[in-house]
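In: Structure, please.
(chains A and B)
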Amino acid sequence: MKRIFFIGLSILFIFVSSAQAIELPEWHGFAEQAYGYRISHDTLTKHRDYNMLEQRLQLKTRYPIPGANIISQWNGVLTYKGDFLLDEYFDTTGSFDLRELNLAFSPTNIMDIKAGRQILTWGTGDYIFINDFFPKDYVSFYIGRDDEYLKEPSDALRVSLYPKMVNIDFVLIPDFTPNTMPDGDRLSFFDSFQGGIVGRDSRRNAVKPAFKAKNMQYALRLYRNFDSTEGALYYYRGFDPSPRSYLDEANLQLFYERLDAYGASLRGPFASGIGNVEMGYYRSRQDPNGDNRLIENSLLKLLVGYEKDMGNDLKIGLQYLYEQKLNYSDYRSALVTGDYCWDEYRHLLTQRVTKLFKNQTVMLGLFNFWSPSDKDGYLRASCAYDITDQWKLTFGVNIPWGEDMITDFGMMKKNKNAFVRLRYSF
Amino acid sequence: MRKLLVFLAVLFFAAYSWAQELSVDEIVSKANNASYYQGKEGRAKAKMVVTDAQGRKRERQLTILKLNLKAGGDQKYYVYFHKPNDVKGMSYIVWKHVGKDDDRWLYLPAMDLVRRIAASDKRSSFVGTTFLYEDISGRSIDLDEHELIASDPAYYTVKNTPKDAALVEFSYYTVKIDRNNFVPMRAEYFDKTGKPYRTIEALEVKDIQNYPTVTRMKAMDLNSNSDTVTEFSDISYNIGLNDSIFTERFLRNPPQQWLKE
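Out: Model (predicted):
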């Protein structure tokens, strides 16, 4: 199905480009060298001294469909973005990562369509996603790749409608793409099957939902402005993008439980800054009563955030996230001896400080996660210097820490790193 | 007899209005309109070259779309970045409000992320150039006291003193305004010790669709010895932009017909 889609897109591309004298599109992108040094050596993973060593070449282009065909009349634009990656961490001979290949067009005045591989993001959080279930790559996040790589592409159809009252985004994702989570080769993590922090010795695996009509994912966003304030409602029907439930304990199998989510957000001027509120109710469809010890319970999430410009190119941001596992007593009574017991509540605070220097060519950024309830945290600090318009040097640190090994950041505590990236953009 | 009366009345009014020098507020208001509110809406490409004290150059290229909601009042801006290459494809919307903070959104296409920008400080650098946000979108004329300090056959010179000195880095600034078309030709900013430290100069003014328009301007920072020259090209007014361009829809899907390179 996926293959058919891309073949179709390629044929369309050839068809429209051969119909016309081709105006060659402009190519842009970058070449980058990146290295991540382990501050705390980790003997569990493939390499104990480093967790990133790679060269990357990104090429991208946009191609407005020419000619007198219908796609051209609908302002059709083909977008391509792909990365050639030489990942020396895994001694690979090179791989190719197709990040975007999609066709966007507007069949009517109030409708946009984007079909194909694309990056999808919505919601109001800063590094916190409540109503955005599109795939994320947390390995890239922890090893210090560019923020761009936190988001993974989806093969999707996005239909946007803009009638007078409210804007509508509808996304259909036929095949499920999970989040990329630490799996032990590069980053160690807590494996409940082994009861500790593990690396390459982890034997667990996560089973993806099969590719069939019943497993399609739907995401919907309704949004509009009330003067300067943006309001949005969200709905998602699909799967938890991280494997949090057990399929078969004997065979060390996890799976992505079915999930419905309902959410809402507001964002707008508040106390001479920008305030935002977002909530989400996650309904665990395979464990609605919360009494199945193997399947994640329903959840409630609430986020409050504030960002302020302090002047002199200094900005600060604060967020508070509240999470509650619903039907907690049912969950507790269903547990058996030997099970790990997860908390009912989680409180997470984040702080962001960004300061620009030297005509905005030097950026110092600090982002800190801190959870008083989990007693863990994660400090991300970086400094980026635009040496010229083409060359950019970035270095930084990723410091996850925690008292326990089972919490989100605590389990990552052996993965502290310091990274450097040198990029040439063209 | 009646004809004579009419003639006298006309003569009287002509003499009256001729003798009447424009008030400083009228001059400032006309200058504000000439710099920031020409046409109903319009488009321009801007090439900004920043030169630092060592002579190193950086270049920014962007397309600016603008909609005036009310002369001298609220406006909407759409900015699309062509250069440098690492920000190419980013777009930016400003809803400029007179009397309260602007609304700003930035779209990062690599992450498909619409970010709301907290931006109370309008006196920070515009995309890393020597120009400040206020130089690009205009400083509300209500924020300063205006005083006409010189008037010669070619120019008015107006001294502007901030009503709230704590909000800005200057103690006052002077603006030389062309008497013919009210285009501000040169602004000079003085720091708290009374020393000039930054200037903005119109280097070239052209008539575009009967609107006198600055097509080349230079901002100099005398302290850091750096400057930025901005050249505007492909300027056109009243091209039929409407309100809907300045929304999240077009932030995520830049309006190609207005952004051709």
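In: And B:E134, how far from chain A?
Out: 13 Å (Cβ to the nearest Cβ, to the nearest Å). Where C-beta positions appear, they are placed from N, C-alpha and C, glycine not excepted.
In: which one is that residue nearest to, not counting chain neighbours?
Out: B:K122 (4.7 Å; Cβ to Cβ, 6 or more residues apart in numbering or on different chains).
In: would A:I71 count as being in a helix?
Out: Yes: if the criterion is DSSP: H, G, I helix; E, B strand; the rest coil, then A:I71 is within a helix.
In: of all the residues in the stretch 1-150 of chain B, which ones are close to chain A?
Out: Contact residues, the stretch 1-150 of chain B versus chain A (Cβ under 8 Å from any Cβ of the partner chain): B:50, B:52, B:56, B:58-59, B:83-86, B:88-89, B:95, B:100-101, B:103, B:110-114, B:116-121, B:123-125, B:127-130.
In: Please indicate which of these are buried?
Out: Burial by neighbour count, judged by 16 or more other Cβ atoms under 10 Å in any protein chain shown, picks out B:50, B:52, B:58, B:84-86, B:88-89, B:95, B:101, B:103, B:110-114, B:116-121, B:124-125, B:127-130 from the residues of the stretch 1-150 of chain B next to chain A.
In: how about the strands in the stretch 301-426 of chain A?
Out: For the stretch 301-426 of chain A, applying DSSP state E, counting those that start in this stretch gives strands covering A:314-325, A:345-357, A:362-371, A:376-386, A:391-402, A:417-425.
In: list the buried ones in the first one?
Out: When you say that, I think you mean strand A:314-325. Residues of strand A:314-325 classed as buried: A:K315, A:I316, A:G317, A:Q319, A:L321, A:E323, A:K325 (neighbour count, 16+ other Cβ under 10 Å).
In: That strand - what's its average pLDDT?
Out: When pLDDT is averaged over strand A:314-325, the result is 98.
In: of the strands of the stretch 301-426 of chain A, which approaches chain B most closely?
Out: Closest approach to chain B among these (Cβ to the nearest Cβ): strand A:417-425, 4.1 Å.
In: got the CA coordinates for stretch B:136-156 in PDB?
Out: Only the C-alpha atoms of stretch B:136-156 are listed here, as PDB (Å, rounded to 0.1, in the frame of the first residue of the first chain):
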ATOM      1  CA  ILE B 136      10.700  47.700  10.400                       C
ATOM      2  CA  SER B 137       7.100  47.900  11.700                       C
ATOM      3  CA  GLY B 138       7.200  51.400  13.100                       C
ATOM      4  CA  ARG B 139       7.200  52.900  16.500                       C
ATOM      5  CA  SER B 140       3.900  54.100  17.800                       C
ATOM      6  CA  ILE B 141       3.800  57.900  17.600                       C
ATOM      7  CA  ASP B 142       1.900  58.000  20.900                       C
ATOM      8  CA  LEU B 143       5.000  56.700  22.800                       C
ATOM      9  CA  ASP B 144       7.000  60.000  22.300                       C
ATOM     10  CA  GLU B 145       6.600  63.700  22.800                       C
ATOM     11  CA  HIS B 146       7.300  65.500  19.600                       C
ATOM     12  CA  GLU B 147       9.000  68.900  19.100                       C
ATOM     13  CA  LEU B 148       9.700  70.700  15.900                       C
ATOM     14  CA  ILE B 149      13.300  71.900  16.400                       C
ATOM     15  CA  ALA B 150      14.100  73.100  12.800                       C
ATOM     16  CA  SER B 151      12.200  73.900   9.700                       C
ATOM     17  CA  ASP B 152      14.100  74.800   6.500                       C
ATOM     18  CA  PRO B 153      12.900  74.900   2.900                       C
ATOM     19  CA  ALA B 154      13.800  71.200   2.400                       C
ATOM     20  CA  TYR B 155      13.200  69.500   5.800                       C
ATOM     21  CA  TYR B 156      11.400  69.500   9.000                       C
END
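In: chain center to it: distance?
Out: 13 Å (Cα atoms, centre = their mean, to the nearest Å).
In: Next: stretch A:35-43.
Out: With Cα atoms, centre = their mean, you get 24 Å for stretch A:35-43.
In: before we move on, what about stretch B:37-46?
Out: 11 Å.
In: Name the nearest residue to the most centrally placed residue in chain A, ignoring sequence neighbours.
Out: With distances taken as Cα atoms, centre = their mean, the residue of chain A nearest its centroid is A:K136 (2.6 Å). Closest residue to A:K136 apart from its sequence neighbours, by Cβ to Cβ, 6+ apart: A:N179 at 4.9 Å.
In: which residues touch that neighbour?
Out: For A:N179, the contacting residues are A:P135, A:K136, A:D137, A:Y138, A:E152, A:P241, A:S242, by Cβ atoms under 8 Å, 6 or more residues apart in numbering or on different chains.
In: Next to chain B, which bits of the stretch 51-200 of chain A? Give me the list.
Out: Contact residues (Cβ under 8 Å from any Cβ) of the stretch 51-200 of chain A with chain B: A:62, A:64, A:75, A:77, A:104, A:106, A:112, A:118-122, A:124, A:147-148, A:150-151, A:160, A:162, A:167.
In: Any of these buried? List them.
Out: If you count burial by 16+ other Cβ under 10 Å, the buried members of these come out as A:62, A:75, A:77, A:104, A:106, A:112, A:118-122, A:124, A:147-148, A:150-151, A:160, A:162, A:167.
In: Against B:E201, how distant is B:N33?
Out: B:N33 sits 20 Å away from B:E201, taking Cβ to Cβ, to the nearest Å as the criterion.
In: Do I have it right that A:D191 meets A:N205?
Out: No: using Cβ atoms under 8 Å, A:D191 makes no contact with A:N205, being 11.0 Å away.
In: what about the two, which has more around it?
Out: Using other Cβ atoms under 10 Å in any protein chain shown, the more surrounded residue of A:D191 and A:N205 is A:D191, with 21 against 15.
In: dump the residue contacts of A:D126.
Out: A:D126 sits next to A:G305, A:E307, A:G317, A:Q319, A:T350, A:R352, A:F367 when contact means Cβ under 8 Å, 6+ apart.
In: Now with 6 Å, please.
Out: With contacts defined as Cβ atoms under 6 Å, 6 or more residues apart in numbering or on different chains, A:D126 is in contact with A:G317.
In: Ignoring the adjacent residues along the chain, who's closest to A:R158?
Out: Leaving aside its sequence neighbours, A:R158 sits nearest to A:K114 (Cβ to Cβ, 6+ apart; 4.4 Å).
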